[in-house]
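Engineer: here's a sequence, model it:
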Amino acid sequence: MCTVIIQVPDRADAPVRLLAIRDEDPGRPWLPLGESWPDTHPGVVGVRDVRAGGAWLAADPRHGRLSVLLNRADVSNRPEADLVSRGGIVLASVAGSSPSGAPSTHGFNLVEVDGTTARAMLWDGETLREAPFEPGTHMIAHDDVDDPRTARIARWLPEFRAAEVEGDAWWQPWLEIIGRSAALPHDDDRTIVRDNRAFGYPTLSLLVCAATLSPGEVDLRYAELPAPGAWGQVTLA
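Structural biologist: As a prediction, the model looks like this:
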């Protein structure tokens with residue numbers, strides 16, 4: 001139940017801006033932002049899942065690519081033995097190979113940015129769809145892009161769209177919105193900082209990444225939350 005906010009420019013000389021919050025089981029280990037795949041994906045930086053070896057978010061700065069994965073409900077009844085980890089999808093994507101056909105994974109929403117263009121690949125276990133991000137500011141979580149069925153999107157997307165994000169620390173107004181959402185109780189589905197145990201999932205918000213992308217360039221920042229599911233002073237570096 002991760003959350004991504006993305007701003008796509010309406011002109012080619014402006015960057016894509018993306019902010020991603022990761023929700024995961026705190027007991028599932030990860031490696032912070034770094035070059036964690038030097039043998040198989042040299043030059044790729046990202047957040048590595050230690051257990052499966054894949055990535056939640058990864059970028060190839062040389063080509064201006066970034067991909068980040070969000071879980072989505074799986075409507076199929078495929079047995080677990082037929083499925084593989086979703087983490088490999090992110091690494092394949094930043095290498096230029098997007099999902100196609102019928103991926104052998106649980107459902108996902110994959111956000112892909114290449115230079116100044118962006119799209120989401122939506123897989124529910126039965127159908128794979130593409131949803132381009134048009135110029136403007138958008139949100140995606142476990143449903144569709146800008147989906148009003150997602151309570152946090154319905155509540156906060158207008159504020160993200162109204163915020164002015166400029167300068168070297170452009171993400172600060174978005175972090176302030178996230179902070180305001182964190183003032184809601186943890187069992188309020190409108191909050192962006194998640195404690196999903198209230199909804200039957202063992203995941204909590206753990207970290208945040210901010211990315212500025214243009215052709216052949218990615219500026220990627222990382223910060224961990226003070227504690228799982230708890231918002232506080234967040235310094236992206």
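Engineer: hey, which helix is longest across the protein?
Structural biologist: For the chain, the helix reaching the highest residue count under DSSP state H is reported as helix 151-162.
Engineer: so His186 sits in a helix?
Structural biologist: No - remark: His186 does not belong to a helix; assigned using DSSP: H, G, I helix; E, B strand; the rest coil, it is coil.
Engineer: go ahead and confirm it touches Gly229.
Structural biologist: Yes - taking contacts as CB atoms under 8 Å, His186 lies within contact range of Gly229: 6.5 Å. Yep, even glycine has a C-beta here, placed from its N, CA and C like the rest.
Engineer: quick one: common contacting residues for these two?
Structural biologist: Common contacts of His186 and Gly229, defined by CB atoms under 8 Å, 6 or more residues apart in numbering, comprise Arg194, Asp195.
Engineer: quick one: which of these two has more around it?
Structural biologist: Gly229 (20 against 16; other CB atoms under 10 Å).
Engineer: verify the stated contact: the more buried one with Ile192.
Structural biologist: No - counting by CB under 8 Å, Gly229 does not reach Ile192; the two are 11.3 Å apart.
Engineer: circling back to that earlier point, after the longest helix of the chain, next one along is what?
Structural biologist: Downstream of helix 151-162, the first helix or strand assigned by DSSP states H and E is helix 172-181.
Engineer: list the buried residues of that following helix.
Structural biologist: Going by neighbour count (16 or more other CB atoms under 10 Å), the buried part of helix 172-181 is Trp174, Leu175, Ile177, Ile178, Ser181.
Engineer: and the strands in the protein?
Structural biologist: Assigned by DSSP state E, the chain shows strands spanning 3-8, 16-24, 30-34, 45-49, 55-60, 65-71, 108-114, 117-123, 128-132, 136-140, 204-214, 217-224.
Engineer: out of those strands, which comes closest to Ser100?
Structural biologist: With CB to CB as the criterion, Ser100 lies closest to strand 128-132 of the strands of the chain, at 7.1 Å.
Engineer: list the buried residues in the closest one.
Structural biologist: Residues of strand 128-132 classed as buried by neighbour count (16+ other CB under 10 Å): Leu128, Ala131.
Engineer: ok, stretch 55-65 next?
Structural biologist: Within stretch 55-65, the residues that count as buried by 16+ other CB under 10 Å are Ala55, Trp56, Leu57, Ala58, Ala59, Asp60, Pro61, His63, Gly64, Arg65.
Engineer: run a quick neighbour tally on Leu83.
Structural biologist: By other CB under 10 Å, 15 other residues sit near Leu83.
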